[in-house]
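Enquirer: Structure of the sequence below:
(one chain, ligands or ions: 1)
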Amino acid sequence: MPVYCITGTNRGLGLKFAPQLAQSSDNTIIATTRSLDSDLTELKTCDTGNVASIHSFVKEVAQLLGGSRKIDVLLNSAGVNLGSSQSSLTLGPDELHKQMDINVIGPAKVVELLLDAGLLSSDVRILNMSSGLGSMQRSSEIKPRKCAGYSISKAGLNMLTVHQSEDLKPHLPGAVVIAMDPGWVKTSMGGDGAVLEPHESIGGMLRVLHGLRSEDSGLYYQYNGDRIPW
Ligand SMILES: NC(=O)c1ccc[n+]([C@@H]2O[C@H](COP(=O)([O-])OP(=O)(O)OC[C@H]3O[C@@H](n4cnc5c(N)ncnc54)[C@H](OP(=O)(O)O)[C@@H]3O)[C@@H](O)[C@H]2O)c1
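Expert: Model prediction:
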């Protein structure tokens, strides 16, 4: 009876994970959004750009799971791409700070606070939703370069993944943390020109997740299971 926790399920990839996971009645899904402005009262609030909101979310999860169950799979999907026309020569500090808050500090604090509350299972799988634009090698090959601030924040998320994979070991020896590029997917962020339907990307990511072994912790994958160069 695995417990899945997903951030950023208001729309986009986060939202599309739920139906595929719900196909198995064994799965418990804790779906979270930045705020509760819909009729979906089963959702939990977790603004991953706000540490106080993550604290209250963790308290809610503790009540929900009641001490006997823990999170088996954490999907850190919430993310933003702000000021996408900015280059490294025109970076807006506000946009960069916000992307670091949501894309890097958010997944760091979600993991830290769930761990502190004893809510992660001993062999938890953690997927940090990165991007091909977080790859130094891939970004260096794109001309003209694009989305400088977003790319910098996803490279930061990749480095967070490397650190989390080692730092979790003394606490949860079986934990596996990976950075994942979902591919270029038709969502509001990916746009209509994207090449993948959400279900294709999500199906691939779930296959990768379910096939992970302990030695895969700290690695960087694409939705189809290929490794990505850092
Ligand atoms: N689509 C692609 O081609 C693509 C490619 C590479 C990587 N990614 C990554 O995949 C992830 C999902 O992207 P997407 O395509 O689904 O983007 P999207 O359609 O723009 O959806 C983003 C989701 O993240 C949520 N979110 C943003 N800030 C949040 C916050 N502070 N707290 C909680 N939720 C927040 C949004 O909620 P609101 O509705 O409240 O804003 C929304 O549900 C992101 O991390 C993105 O960087 C996507």
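Enquirer: Please count neighbours and contacts with C-alpha atoms only from this point.
Expert: Will do.
Enquirer: so Asp123 sits in a strand?
Expert: Yes: per DSSP: H, G, I helix; E, B strand; the rest coil, Asp123 lies within a strand segment.
Enquirer: where's the spatially most central residue of the chain relative to the ligand, distance?
Expert: By CA atoms, centre = their mean, the chain has its centre lying nearest to Asn76, at 2.2 Å. Asn76 sits 7 Å away from the ligand when distances are taken as CA to the nearest ligand atom, to the nearest Å.
Enquirer: Quick check: that residue touching Thr7?
Expert: Yes: counting by CA atoms under 8 Å, Thr7 is a contact partner of Asn76 at 5.4 Å.
Enquirer: what residue of this structure is the furthest out?
Expert: Farthest-from-centroid check, the chain (CA atoms, centre = their mean): Leu89, 28.1 Å.
Enquirer: Scan the protein for its longest helix.
Expert: If you go by DSSP state H, the chain has its longest helix at helix 148-167.
Enquirer: Tell me the first helix or strand C-terminal of that helix.
Expert: strand 176-181 (DSSP states H and E).
Enquirer: Quickly run through the sheet partners of that next one, with directions.
Expert: strand 120-129 (parallel), strand 220-222 (parallel) (DSSP bridges).
Enquirer: Any residue of the shortest one touching the ligand?
Expert: Okay, so that is strand 220-222. No: applying CA under 6 Å from any ligand atom, one finds strand 220-222 separated from the ligand by no less than 9.8 Å.
Enquirer: Can you name the next helix or strand after the worst-scoring helix or strand of the chain on mean pLDDT?
Expert: The least trusted helix or strand in the chain, going by mean pLDDT, DSSP states H and E, turns out to be strand 44-45, with a mean of 86. Moving toward the C-terminus from strand 44-45, the next helix or strand (DSSP H and E) is helix 51-65.
Enquirer: Who are the packing partners of that following helix?
Expert: In terms of contacts (3 or more CA pairs under 8 Å, 6 or more residues apart in numbering; DSSP states H and E), helix 51-65 is packed against strand 44-45, helix 106-116.
Enquirer: Mind putting these into TSV with distance to Tyr220 and mean neighbour count?
Expert: TSV is the format used below for the helices and strands packed on helix 51-65 (distance: least, CA to CA, whole Å; neighbours: other CA atoms under 10 Å):
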stretch	distance to Tyr220	mean neighbour count
strand 44-45	28	20
helix 106-116	16	19
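Enquirer: quick one on the thing from earlier: pipe the strands paired with strand 176-181 into TSV and attach mean neighbour count and mean pLDDT per row.
Expert: Shown next, in TSV, are the strands paired with strand 176-181 (neighbours: other CA atoms under 10 Å; pLDDT from 0 to 100):
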stretch	mean neighbour count	mean pLDDT
strand 120-129	22	98
strand 220-222	24	98
